[in-house]
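>>> give me coordinates for this.
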Amino acid sequence: MKEEFLQLLKSVNRDGINDLIDFLENSDFFKAPASTRYHGNYEGGLVEHSLNVYKLLCEKVKNSPIKIDVSNDSLIIIALLHDICKVNYYKVDYRNAKNSLGVWEKVPYYTVDDTIPYGHGEKSVMMISEYIKLTVEEKYCIRWHMGFTEPKELYGTLGQAFKKFPLALLVHEADLETTYFYNV
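Numbers count the residues shown, from 1 in each chain. As a prediction, the model looks like this:
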């Protein structure tokens, strides 16, 4: 999966993309889980989830009932990097649990160590922007990819973002569907 991910990202024609790739390769991105307890909560879950979002997003754009005019570079950036905020975010800790024989043993689990508490989508936008220039649409898509899991006080703003950039809604759908259908 790492090679497929890197091949896609290397195909992007954007100044700074190689520095962004170097950052990812020197981080825990390719070993990180996608979450602590939910989707992709295993080593490599984050890269698997990101690739699945890309593949599903491409299908959604192709089959959208409205015309979505977006470059493949944008699809790659949005889908593969929407959760870059999870780089160096999870840590392995240990707890006691009974094994299949009923004997207590220490088992590893993922915990959160958020050293950059800047939100989720907005943190991903910030981190990507340190390396490459994002289009306005890319920023909206990444910022609002969590959709209606955002606090209800933001639903009005979220709805405006989806109306302004319908691709953002497709990104949210792809992320949500991938979470529940593919990375379980």
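
>>> so where's this protein shaky on pLDDT?
38, 183-184 (pLDDT under 70).

>>> centre-most residue in this structure?
Geometric centre of the chain, nearest residue: Asp83, 2.5 Å, by C-alpha atoms, centre = their mean.

>>> tell me the spacing between that residue and Val47.
10 Å (C-beta to C-beta, to the nearest Å). All C-beta spots, glycine's among them, are computed from the backbone N, C-alpha and C.

>>> and the residue nearest to Ile132 when sequence neighbours are not counted, how many residues sit next to it?
Using C-beta to C-beta, 6 or more residues apart in numbering and skipping residues adjacent in sequence, the residue nearest Ile132 is Gly16, 4.2 Å away. Gly16 is flanked by 15 other residues according to other C-beta atoms under 10 Å.

>>> could you pull out the helices for this structure?
Assigned by DSSP state H, the chain shows helices spanning 2-10, 17-25, 45-62, 72-81, 121-129, 136-143, 155-164, 166-181.

>>> export those as CSV, with columns for distance to Val87 and mean neighbour count.
CSV is the format used below for those (distance: least, C-beta to C-beta, whole Å; neighbours: other C-beta atoms under 10 Å):
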stretch, distance to Val87, mean neighbour count
helix 2-10, 13, 14
helix 17-25, 7, 16
helix 45-62, 8, 21
helix 72-81, 10, 22
helix 121-129, 7, 20
helix 136-143, 14, 22
helix 155-164, 24, 14
helix 166-181, 17, 21
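
>>> closest to Lys31 out of the ones you listed?
helix 45-62 (8.2 Å; C-beta to C-beta).

>>> who does that closest one touch, helix- and strand-wise?
Judged by 3 or more C-beta pairs under 8 Å, 6 or more residues apart in numbering; DSSP states H and E, the packing partners of helix 45-62 are helix 2-10, helix 72-81, helix 166-181.

>>> dump these to CSV, plus distance to Lys31.
Shown next, in CSV, are the helices and strands packed on helix 45-62 (distance: least, C-beta to C-beta, whole Å):
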stretch, distance to Lys31
helix 2-10, 9
helix 72-81, 16
helix 166-181, 19
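
>>> so Glu138 makes contact with Leu75?
No - look at Glu138 against Leu75 with C-beta atoms under 8 Å: they stay out of range, at 9.6 Å.

>>> looking at the helices and strands packed on helix 45-62, spot the one closest to Met146.
helix 166-181 (7.0 Å).
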